[in-house]
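J.: After the sequence you'll find the predicted model.
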Amino acid sequence: MGLFIAFEGLDGAGTTTQAMLLADRLEAEGVPVHLTKEPSEGPVGNLISLVLRRRLVAPTAGRPLDPFPDDLLALLFAADRIDHLHAEILPKLREGITVVSDRYLLSSYAYQSLGCDLKWIREVNAHAVMPDLTFLIDVPAPVCLRRIEKGRWETELFEGLDKLVVVRKNYLRIAASPIGESMNVILLDGEKDVRALQKEIWERLRFSVQPGARGGVERGGDESQLGLNLGPADEPGP
Ligand code: TYD
């Protein structure tokens, strides 16, 4: 089985960039890797993307700025995850390919907690396989919002300051709980320079897959079993 790594954080935290950089680095080291994202490119994922861009509304919602009821959206994210697992993630992992996903289960816990009970969110996601490692890129909400507004002219459903402030709290609280432990959350300072953060992620990954690493992934303690042989550590920077 390949290693399953998820990236998490607020919109604008840099998960897409860091997921891409890690996939590039793994590939450069000769590790077979598959980069993916949630919402996925599957049928339910595409539907969710339309909802996030406010191109699809449920007439019964009655709340013009939140076009879909929270519970319906939570169920769609859970359904997309199962589809994503069966259509893409699990087949790749079984082939021994490392899968890097830009967002996964922790996104549902942190974002859908805005409007739904966490216990229920966990129940509807009970069939989702736990990632081996979850990198949580932590950036304060106002910083994320500034980054989003600089990069785009339209904002998506969750990209408002009030919501992001709560989502960040949810992320940090859940990451520090036993739930965070079950998905091996590694908390990172996302205000660091992109390259410095990439380097830290690489080192944390190397440490986690070391045989017998404490708090790291448990797959029998043999790197070769993970399909990961990451070579020597980086030279310390200047
Ligand atoms: P984003 O990651 O920016 O994807 P894209 O670049 O395709 O727009 O946006 C996805 C949004 O969906 C983001 O606001 C987080 C939210 N989300 C959830 O609320 N729950 C989930 O389970 C997932 C995967 C994402």
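T.: Sure, I can see it.

J.: surely residue 148 meets residue 14?
T.: No: in this structure residue 148 lies outside contact range of residue 14 using CB atoms under 8 Å: 11.3 Å. C-beta here means a position set from N, CA and C on the backbone, and glycine is covered the same way.

J.: Pick out whichever of those two has more residues nearby.
T.: residue 14 (22 against 18; other CB atoms under 10 Å).

J.: Where does pLDDT dip in this protein?
T.: Within the chain, the ranges that satisfy pLDDT under 70 run 60-66, 211-229, 231-233, 235-238.

J.: Let's check: the centremost residue of it is which one?
T.: residue 103 (2.4 Å; CA atoms, centre = their mean).

J.: Apart from its chain neighbours, what residue comes closest to that one?
T.: The spatially closest residue to residue 103, leaving aside those adjacent along the chain, is residue 38, at 4.4 Å (CB to CB, 6 or more residues apart in numbering).

J.: give me the number of residues near that neighbour?
T.: 21.

J.: Please identify the helix or strand for the closest residue to the ligand within the chain.
T.: Of the chain, the residue with the smallest distance to the ligand, taken as CB to the nearest ligand atom, is residue 111 at 3.0 Å. Taking DSSP states H and E as the definition, one finds residue 111 inside helix 105-112.

J.: Tell me which helix or strand residue 119 sits in.
T.: Element membership for residue 119, per DSSP H and E: helix 118-124.

J.: So that helix, near the ligand or not?
T.: No: Helix 118-124 lies apart from the ligand when judged by CB under 6 Å from any ligand atom; the minimum separation is 9.0 Å.

J.: do you know how far residue 68 is from residue 210?
T.: Separation of residue 68 from residue 210 (CB to CB, to the nearest Å) stands at 44 Å.

J.: more crowded one of these two?
T.: Counted by other CB under 10 Å, residue 68 and residue 210 do not tie: residue 68 has more neighbours, with 23 against 14.

J.: Just give me the neighbour total for the residue lying closest to residue 136 once chain neighbours are set aside.
T.: Spatial nearest neighbour of residue 136, excluding adjacent residues (CB to CB, 6+ apart): residue 8 at 4.7 Å. Residue 8: 29 surrounding residues under other CB under 10 Å.
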